[in-house]
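S.K.: Requesting a structural model of the entry that follows:
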Amino acid sequence: MKSKYISYLFLVLLQFTFICSSEIFTAEKMHSLHRLSSFITSPDKKYIVYVNRIWKKEDNKYYTNLECLDVAQYKKKINGEEIEATPTIITPSTSEHTDSDPVFSSEFPNYLFFLRSGSEGSSVHYIAFPPQAGKEPVKLTSYPINIANLKLQKNTLVFSAEVYFDCQDFQCTKDRDDEVASRGSNTYSIYTKLMMRHWDFWYQEGKDAHPFYQKLVKNADGTPGLEGTAIDMMQDQVYCSPPLENGAEQFSISPDGNLVAFSAHNKDEKMSYNTKWDVYLYNIETKVRKELTAAEGGRCQNPIFNPNNSEQLAYLCMIHYGLESDQLSLRIYNTATEQVLNETNKTPFMISSYVWDPNHENSFILNTVNEGRVTLFSFDFSKRDEDFSVCYKNITVDNNAYGDPIYIYNNGNNMIISYSSFTRATLLGLLTLNPDTGIYASQLFYDANEEEMMQYEMIEPEWFTFTGANNDRIQGWIMKPINFVQGKKYPLAYLIHGGPEGAWEPA
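M.R.: The predicted structure follows:
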């Protein structure tokens, strides 16, 4: 009896000690985590550059800066070496400005380009790369209005800017904005058509984002400079590009830097119920814009040039008019022959994004959502008319939510990739192919929040399904409370996500 009593006391004290030693993971703590995004590789494939954003409670502000990691550390990790990945700070974290949209150019391999936004607006800067002590960013552009969604290929700079559709230059937009600002608190907008509001922001009729390009030149000292002026690729068009709340993923520049593909949404009187976007191709040499998707019934988006072939442009399309959550299927447009190859969508999953597979011609890595899981599939487009199991191959099977591969190498046997889970914010990891199964195994490389997250006990959600209306199979996750006791009753929060726009995904 005595021994039982001592054992019971030990268990209770152990549990009490554990509870007291663990911090509670609150919404405030979650907002205080580092958030990594916008991953790219340097032209020599030696570095991974990314944006690091963190919120600081003391001044209730987000701080955003650029950092990089050495790819050589990944290769040591493959060999089983114990390494601690340490990022190098490229630009400092400060409340005075935010740095975002990092991009490289093969024409200027010794510089990293990015957007810097502050009290004086946003502009393109560049800085020596790899990072060098004492080197400060140099301001490249000085447009009178803000720009966003930076892309760069060779000597072609692409970005978006919110302009009045009938303005012929940035100064015209700036003058009108100044006139509106001069009203002070006497603000108003006149609307003659829908739509006026989307989610949590109001449109300004007659003004929205347009895509622009400007050429770079190499100065006598090898530094980048600007040639001519920025050109509006949708001049005088009542369209927005990128559409709605989308970003730079709706722009793509051909490897030779001569063509720009972008998606755009018509802002006519049908906009409130017409969800169709179209993909356009702009030829910088001829100044000709061509609509590629007029014959498509539904929305088309996410154009991406083959990184090895300027004649191949892929994009995603929905089939049905008036929908914004229809199944997406791939197209490949040949810029030389102007022929389009279609995929007949036969997937049970939703394609959320994709990249060209550099190791296999006409193949892709698909980022997909299926029953709450975010997984990767390989897709051999040349076999698109064959059975599903022939052209699509599932290559990840865990509960991590993978982003697009950042760097595919070693003949496709390895990928550097970003991912998240229910218990971790964005991580950098390594995927290694098992040649026997065709499945990639995940290995953590860098967790910016590792030390912070060690304070918390995190619950691993359990995947399950149940039968819903019309005997449909419904997927869900159950998240048990900390220190869950089997058989004990707990209050239940029942959260329903109304698909098909999305799902409760590991994040």
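
S.K.: contacts, neighbours, all on C-alpha from now
M.R.: OK.

S.K.: ok, residue 115 to residue 148 distance?
M.R.: Computed as Cα to Cα, to the nearest Å, the residue 115 to residue 148 distance reads 7 Å.

S.K.: Now for the two: what residues contact both?
M.R.: residue 122 (Cα atoms under 8 Å, 6 or more residues apart in numbering).

S.K.: May I have the distance across stretch 149-163, first residue to last?
M.R.: First-to-last residue span, stretch 149-163, Cα to Cα: 14 Å.

S.K.: mind saving the C-alpha coords of stretch 216-232 as CSV?
M.R.: Extracted C-alpha coordinates of stretch 216-232, given in CSV (Å, rounded to 0.1, in the frame of the first residue of the first chain):
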residue,chain,number,x,y,z
LEU,A,216,18.9,47.2,-66.9
VAL,A,217,22.3,48.2,-68.3
LYS,A,218,25.8,47.6,-67.0
ASN,A,219,27.6,50.7,-66.0
ALA,A,220,31.3,51.3,-66.7
ASP,A,221,32.2,50.0,-63.2
GLY,A,222,30.0,46.9,-63.6
THR,A,223,27.2,48.1,-61.4
PRO,A,224,23.6,47.9,-62.7
GLY,A,225,21.8,51.0,-64.0
LEU,A,226,18.5,51.7,-65.7
GLU,A,227,17.8,52.1,-69.4
GLY,A,228,14.9,54.4,-70.6
THR,A,229,11.7,54.5,-68.6
ALA,A,230,9.3,51.9,-67.2
ILE,A,231,6.8,50.6,-69.8
ASP,A,232,3.2,49.7,-68.9
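
S.K.: Tell me which residues are up against it.
M.R.: With Cα under 8 Å, 6+ apart, stretch 216-232 has contacts from 108, 140-141, 155-157, 210-215.

S.K.: do the same with stretch 25-41
M.R.: With contacts defined as Cα under 8 Å, 6+ apart, stretch 25-41 is touched by 47-57, 100-103, 406-407, 425-427, 448-449, 452, 456-458.

S.K.: Which of those residues fall in helices?
M.R.: The helices, defined by DSSP state H, take in residue 452 from the contacts of stretch 25-41.

S.K.: out of the contacts of stretch 25-41, which are buried?
M.R.: 47-55, 100-103, 406-407, 425-427, 448-449, 457-458 (16 or more other Cα atoms under 10 Å).

S.K.: circling back: the contacts of stretch 25-41 in strands, which ones?
M.R.: Among these, the ones falling in strands (DSSP state E) are 47-56, 100-103, 406-407, 425-427.

S.K.: Quick check: the gap between residue 318 and residue 288.
M.R.: For residue 318, the distance to residue 288 - Cα to Cα - is 26 Å.

S.K.: Residue 226 too?
M.R.: Relative to residue 288, and taking Cα to Cα, residue 226 is found at 22 Å.

S.K.: Among those two, which residue is more densely surrounded?
M.R.: residue 226 (16 against 11; other Cα atoms under 10 Å).

S.K.: Could you report the pLDDT at the residue lying closest to residue 66 once chain neighbours are set aside?
M.R.: In this structure, residue 66 finds its nearest non-sequential neighbour in residue 51, 4.8 Å apart by Cα to Cα, 6 or more residues apart in numbering. pLDDT, residue 51: 97.
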